[in-house]
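J.: Any chance you could fold what I've pasted below:
(one chain, ligands or ions: 1)
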Amino acid sequence: MKFKSPPVNSLSLDFITEFCIGLEKLENNRECRGVIFTSAVPNIFSSGLDITEMCGKSMEHYAEFWRAVQEMWLRLYGSNMVTVAAVNGSSPAGGCLIALTCDYRIMVENPKFVIGLNEAQLGIVAPFWFKDTFVNTVGHRVAERSLQLGSLHSASEAHRLGLVDELVPEVKLQEKAAAVMAQWLALPDHARQLTKSMMRKAVLDRLVAHREEDVQNFVNFISKESIQKSLRMYMEMLKKKKR
Ligand SMILES: CCCCCCCC/C=C\C=C\CC(=O)SCCNC(=O)CCNC(=O)[C@H](O)C(C)(C)COP(=O)(O)OP(=O)(O)OC[C@H]1O[C@@H](n2cnc3c(N)ncnc32)[C@H](O)[C@@H]1OP(=O)(O)O
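T.: Numbering: from 1, shown residues only. I've put the predicted structure just below:
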């Protein structure tokens, strides 16, 4: 699955809806046993949740948007397929979450590419299920420090921390992703799928059990004037950076 929503593959409601429909089709296709996620936009895997979906909109819109974000994560983290992220560009926040939610992450070894859950830098808080996914990948200590600081890690640092599993030159990315996929698909599906479910079930169940509460927390949090102000300032900063 190749993300192609220029300029930065931000995760808008439309993007997320298409992502979920695409994933469901693949999940229901018995001939499809694995998916590689990558980007068709140069230098960007995904810039994370589309900030314009969380700024200056109605409470109803925030609730609809957050349910879609939850749905995307639930489907991807709970997927029966082998999921490999071929990270060929920067991947902050929600973009990093997509990579973390896969079974395996391969990143291009470009010192300009960054990845991490940088929510704290925007004055927002990664919800518990972002945090759980991060802890399950890198462990508690690394996740705690990285989340509190809202760190964006270079590709080599991300590899050192275990945030990504492998680094490769750009020209080798697709070949490597296909080789990893072949390795994972060599196992009997039922054994791999039951093992994956055993490892992820508690974290998935936690969101399912608290889904509406999580939507309400998000809506209350994001609609606070102080948070709206932080998001507006962040968007301004992104625009100024270009001038
Ligand atoms: C008490 C507990 C309660 C719990 C409540 C939970 C609350 C959780 C809430 C939210 C969670 C959010 C998670 C997220 O994903 S937030 C998004 C974070 N993303 C970022 O910080 C990335 C921002 N973008 C960048 O750093 C760069 O754009 C980069 C991706 C590195 C690409 O750089 P470059 O190639 O130089 O491109 P530009 O910066 O010029 O961007 C091009 C245009 O795209 C716009 N843009 C960029 N990112 C976003 C985005 N995420 N959303 C919307 N728009 C984005 C940017 O403004 C440029 O627009 P324009 O051309 O009009 O100037």
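
J.: from here on, contacts and neighbour counts on C-alpha atoms
T.: Will do.

J.: Would you tell me which helix is longest in the protein?
T.: Longest helix in the chain, counting residues (DSSP state H): helix 189-209.

J.: any idea how far it is from the chain center?
T.: Distance of helix 189-209 from the chain centroid (CA atoms, centre = their mean, to the nearest Å) equals 18 Å.

J.: Report whether the very next helix or strand once past it contacts the ligand.
T.: Next helix or strand after helix 189-209 toward the C-terminus (DSSP states H and E): helix 211-222. Yes. Judged by CA under 6 Å from any ligand atom, helix 211-222 and the ligand are in contact via 217-218, 221.

J.: Quick one, which of those residues are buried?
T.: The neighbour count (16 or more other CA atoms under 10 Å) marks residue 218 as buried among the residues of helix 211-222 next to the ligand.

J.: which among the residues of helix 211-222 next to the ligand gets closest to residue 116?
T.: Closest approach between these and residue 116, by CA to CA: residue 218, at 20.4 Å.

J.: could you list every residue that touches that closest one?
T.: Neighbour list for residue 218: 62-63, 66 [criterion: CA atoms under 8 Å, 6 or more residues apart in numbering].

J.: Next to the ligand, which bits of the protein? Give me the list.
T.: By the rule CA under 6 Å from any ligand atom, the part of the chain lying against the ligand is 7-8, 10, 47-52, 90, 92-94, 119, 124-127, 217-218, 221, 235, 238-239, 242.

J.: So which of those residues sit within strands?
T.: Counted as lying in strands by DSSP state E, out of those, are 90, 92.

J.: Select only the buried ones of the residues of the chain next to the ligand in ChimeraX?
T.: A single ChimeraX command selects the buried members of the residues of the chain next to the ligand (16+ other CA under 10 Å):
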select :8,10,47,48,49,50,51,90,92,93,94,119,124,125,126,218,235
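
J.: thinking again about what came up before, sitting in helices, which of the contacts of residue 218 do you find?
T.: Using DSSP H, those in helices are 62-63, 66.

J.: which one of those residues is nearest residue 43?
T.: Nearest to residue 43 out of the ones in helices among the contacts of residue 218 is residue 66 (CA to CA; 26.7 Å).

J.: in the longest helix of the chain, what counts as buried?
T.: Going by neighbour count (16+ other CA under 10 Å), the buried part of helix 189-209 is 192-193, 196, 200, 203-204, 207.

J.: report the angle between the axes of it and helix 211-222?
T.: Per axes from the mean of the first three to the mean of the last three CA atoms, to 10 degrees, the angle that helix 189-209 makes with helix 211-222 is 60 degrees.

J.: Using CSV, write out every CA atom in helix 189-209.
T.: Output in CSV follows, covering the C-alpha atoms of helix 189-209 (Å, rounded to 0.1, in the frame of the first residue of the first chain):
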residue,chain,number,x,y,z
ASP,A,189,-0.4,-18.5,9.2
HIS,A,190,-2.4,-19.9,12.1
ALA,A,191,0.7,-20.1,14.4
ARG,A,192,1.9,-16.7,13.5
GLN,A,193,-1.5,-15.1,13.8
LEU,A,194,-2.3,-16.7,17.2
THR,A,195,1.1,-15.6,18.5
LYS,A,196,0.5,-12.0,17.2
SER,A,197,-2.9,-11.9,18.8
MET,A,198,-1.5,-13.2,22.1
MET,A,199,1.1,-10.4,22.1
ARG,A,200,-1.3,-7.6,21.2
LYS,A,201,-4.7,-8.6,22.7
ALA,A,202,-4.4,-6.8,26.0
VAL,A,203,-3.5,-3.5,24.4
LEU,A,204,-6.2,-3.8,21.7
ASP,A,205,-8.9,-4.8,24.3
ARG,A,206,-8.0,-1.8,26.4
LEU,A,207,-9.0,0.6,23.7
VAL,A,208,-12.1,-1.4,22.7
ALA,A,209,-13.3,-1.3,26.4
